[in-house]
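A.B. asks: Quick one, what's the 3D model for this:
(2 chains)
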Amino acid sequence: DAGITQSPRHKVTETGTPVTLRCHQTENHRYMYWYRQDPGHGLRLIHYSYGVKDTDKGEVSDGYSVSRSKTEDFLLTLESATSSQTSVYFCAISRSGSESYEQYFGPGTRLTVT
Amino acid sequence: GDSVTQMEGPVTLSEEAFLTINCTYTATGYPSLFWYVQYPGEGLQLLLKATKADDKGSNKGFEATYRKETTSFHLEKGSVQVSDSAVYFCALSRTGNQFYFGTGTSLTVIP
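C.D. replies: Have a look, this model is predicted:
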């Protein structure tokens, strides 16, 4: 158990509304990631963070922003949700200093934009 | 750029059959390679890993060998069980801050 929680676990929202998803870790790891999972696409990286206030874009960052004000929390915000952002969102951490850099995943948030 | 290609599914096997899920990669240098498993409604779990050429990762009866010469990391299990039904993802990382995943292979094992 890597000590990662995500909230909410399920959310239904309307097009045009802002949405914030939270990822919380208890293990003080440096790297945190947000992915989305869609059928036929596997996992696609949205944003990642390599420290407090240090973030960078992934391959599908348009329409998303992130913030990390504390080591343990990584927030993903959809500024104005669209139906194309209906997906399952996973947070992950990477154990800095690990020889092989494996990632550990949270349980996911299922987001539906109507 | 770095990428992972894995065989498309879905794969359906009878219990106790032999499993192979193919994975090939493109990367410069010597990436670390991983297999993850995702059970319905859950996040991905690390199944096994290998960090250098010829390493064999193993866990829960699953094995994969890091083949530099063929840029492959195929997942195998000698005798699958119904409880192995899940989606399997191959992944690589060179730097530790960027990971690349395959599209996943769905496995269903029937009694």
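A.B. asks: show me the contacts for residue 108.
C.D. replies: I'll assume chain A. A:6, A:9, A:37, A:88, A:89, A:90, B:42, B:43 (C-beta atoms under 8 Å, 6 or more residues apart in numbering or on different chains). Every residue, glycine included, has its C-beta placed from N, CA and C.
A.B. asks: Hmm, no, I was thinking of chain B.
C.D. replies: Residues near residue B:108 by C-beta under 8 Å, 6+ apart: B:10, B:11, B:12, B:13, B:85.
A.B. asks: doesn't residue B:110 make contact with the fourth one?
C.D. replies: The reference is to residue B:13. Yes: counting by C-beta atoms under 8 Å, residue B:13 does reach residue B:110; the two are 7.4 Å apart.
A.B. asks: picking up where we left off before, show me the contacts of residue B:108 that map onto strands.
C.D. replies: If you go by DSSP state E, the contacts of residue B:108 have B:11, B:12, B:13 in strands.
A.B. asks: Any idea how far apart the tips of stretch B:46-61 sit?
C.D. replies: 14 Å (C-alpha to C-alpha, to the nearest Å).
A.B. asks: Can you pull out the residues in contact with that stretch?
C.D. replies: Contacts of stretch B:46-61 (C-beta under 8 Å, 6+ apart): A:99-100, A:102-104, B:30, B:32-37, B:62-68, B:73, B:75, B:77-79, B:88.
A.B. asks: Adjacent strands (with direction) for the longest strand anywhere in chain A?
C.D. replies: Secondary structure of chain A per DSSP E: the longest strand is strand A:42-51. Here strand A:42-51 has these sheet partners by DSSP bridges: strand A:31-38 (antiparallel), strand A:54-57 (antiparallel).
A.B. asks: Can you list the buried residues in that strand?
C.D. replies: Buried residues in strand A:42-51, counted by 16 or more other C-beta atoms under 10 Å in any protein chain shown: A:42, A:43, A:44, A:45, A:46, A:47, A:48, A:49, A:50.
A.B. asks: Where does the prediction get shaky in chain A?
C.D. replies: Counting by pLDDT under 70, the ranges of chain A that qualify are A:1-2, A:96-100.
A.B. asks: can you pull out the strands in it?
C.D. replies: Using DSSP E, strands in chain A cover A:4-7, A:10-13, A:19-25, A:31-38, A:42-51, A:54-57, A:64-70, A:73-78, A:87-94, A:103-105, A:109-113.
A.B. asks: and the gap between the most centrally placed residue in chain A and chain B?
C.D. replies: Nearest to the mean C-alpha position of chain A, by C-alpha atoms, centre = their mean, lies residue A:34 at 2.7 Å. Residue A:34 sits 12 Å away from chain B, going by C-beta to the nearest C-beta, to the nearest Å.
A.B. asks: isn't that residue right up against residue A:66?
C.D. replies: Yes: the criterion here is C-beta under 8 Å, and residue A:34 meets it with residue A:66 at 6.5 Å.
A.B. asks: list residues touching both of the two?
C.D. replies: When C-beta under 8 Å, 6+ apart defines a contact, the residues bordering residue A:34 and residue A:66 alike are A:46, A:47, A:74, A:76.
A.B. asks: Number of residues surrounding the third one?
C.D. replies: Neighbourhood size, residue A:74 [other C-beta atoms under 10 Å in any protein chain shown]: 28.
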